[in-house]
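J.: what shape does this take:
(one chain, ligands or ions: 3)
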Amino acid sequence: MILQKKEENRIPAHVGIIMDGNGRWAKQRNLPRSEGHKYGADVIEPLMDCAIELGVKAVSLYAFSVENWARPVSEVKGLWQLLEYFFKTKLDLIKDKDIQIRHSGSLKRLPSSTKNMIIKAVEETKKNKTIVLNFCVNYGGRQEIIKAVNDWLASAKPGEVITEKKLEKHLYTAGLPELDLLIRTSGEYRISNFLLWQLAYTELYFTDVLWPDFGPDDLRRAVAEFQKRERRFGGL
Ligand code: IPE
Ligand code: IPE
Ligand code: MG
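T.: Ligands and ions are numbered 1, 2, ... in the order given. Next up is the predicted model:
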């Protein structure tokens, strides 16, 4: 069953996506891995259109993990160039569509041109309301939790204890809705250090589709599957 229209309540407010399989997609076509990443970036726009149409409020895209620095320098460089190109060519459209860009992760190791591009995109879209597009770049779930604890500690009074609420205020995702649905493409069944705190009661959806082939119908399929799930949150 392919979902067509908004059904309030049953639409996941926040969808996380581990965009995986670009390299294998390219390999199947005898193309360099960089082509897989390029085609992978092209699917983001139609997916955001579909997410808006469905009534999703936030989409978190895993674009680069803290572990991805282990890849060859040339691939990493290519990914930064691609991210810059994405914002250069899409920022006006993003603004027209009232999409708010957020960034989750550390800007520290990024090339300054990439860093500046991300800061500009976040700054210039911060008042937008239709949907949040949260780019997780140089992101790690464990690193995020450690950072949140340290940030909280810096302002804590002696003897004060941390709570879930206090910690969440210092997560990159502060203010975003609960993560209702996580999608991972390319047939891998793991989390790879993505949104570890936020995943506590998220519904998980895995598909064999490689990321560059993931289209609006695949997103609708994932949401339709989500709607069939019975969420109990530990209750009956
Ligand atoms: C996901 O595709 C994109 C990033 C991690 C940047 P991969 O590059 O991991 O593709 P595979 O897993 O090698 O096919
Ligand atoms: C996860 O994919 C990170 C992103 C999609 C950005 P990877 O391809 O890096 O994950 P592993 O290494 O297969 O776990
Ligand atoms: Mg991969």
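J.: for I2, give me the pLDDT.
T.: Confidence at I2, expressed as pLDDT, is 52.
J.: run through the helices of this structure in chain order.
T.: 22-28, 33-42, 44-54, 73-96, 112-125, 141-155, 164-169, 216-228 (DSSP state H).
J.: out of these, flag the one nearest ligand 1.
T.: Distances from ligand 1 to each of those were compared by Cβ to the nearest ligand atom, and the smallest falls on helix 22-28, at 2.6 Å. Just so you know, the C-beta spots here come from the backbone N, C-alpha and C atoms, and that holds for glycine as well.
J.: residues of the protein that sit close to ligand 2?
T.: When proximity is defined as Cβ under 6 Å from any ligand atom, the chain approaches ligand 2 at 18-20, 62-65, 68, 188, 190, 192.
J.: return a ChimeraX selection command for the buried portion of those.
T.: The following ChimeraX selection, which keeps only the buried ones among these, applies the criterion 16 or more other Cβ atoms under 10 Å:
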select :18,19,20,62,63,64,65,68
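J.: filter the residues of the chain next to ligand 2 by proximity to ligand 1?
T.: Within those, those near ligand 1 by Cβ under 6 Å from any ligand atom are 19-20, 64, 68.
J.: turn the helices of the chain into TSV, columns for mean neighbour count, mean pLDDT and distance to D180.
T.: Putting these into TSV (neighbours: other Cβ atoms under 10 Å; pLDDT from 0 to 100; distance: least, Cβ to Cβ, whole Å) gives the following:
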stretch	mean neighbour count	mean pLDDT	distance to D180
helix 22-28	18	98	25
helix 33-42	19	98	23
helix 44-54	18	98	12
helix 73-96	15	98	23
helix 112-125	16	98	23
helix 141-155	15	98	17
helix 164-169	12	98	16
helix 216-228	18	98	7
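J.: so can I have JSON lines of those showing distance to P12?
T.: Supplementary listing: the helices of the chain in JSON lines, determined by distance: least, Cβ to Cβ, whole Å:
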{"stretch": "helix 22-28", "distance to P12": "24"}
{"stretch": "helix 33-42", "distance to P12": "22"}
{"stretch": "helix 44-54", "distance to P12": "9"}
{"stretch": "helix 73-96", "distance to P12": "21"}
{"stretch": "helix 112-125", "distance to P12": "22"}
{"stretch": "helix 141-155", "distance to P12": "19"}
{"stretch": "helix 164-169", "distance to P12": "19"}
{"stretch": "helix 216-228", "distance to P12": "6"}
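J.: the residue in the chain that ligand 2 sits nearest to: what's it in contact with?
T.: With Cβ to the nearest ligand atom, the shortest gap between the chain and ligand 2 falls at S192, namely 3.7 Å. In this structure, S192 makes contact with 18, 62, 65, 67, judged by Cβ atoms under 8 Å, 6 or more residues apart in numbering.
J.: what pairs with the nearest residue to the first one once chain neighbours are set aside across the strands?
T.: Read that as I18. Counting by Cβ to Cβ, 6 or more residues apart in numbering, R184 is the residue found nearest to I18 once chain neighbours are left out, at 4.1 Å. With DSSP bridges as the criterion, R184 is bridged to I18, F206.
J.: what pLDDT does R184 get?
T.: With respect to pLDDT, R184 scores 99.
J.: wait, what's in contact with it?
T.: Residues in contact with R184 (Cβ under 8 Å, 6+ apart) are 17-18, 20, 190, 204-207.
J.: apply 10 Å and report the result again.
T.: For R184, the set of contacting residues under the criterion of Cβ atoms under 10 Å, 6 or more residues apart in numbering consists of 16-21, 62, 190-192, 194, 204-207, 211.
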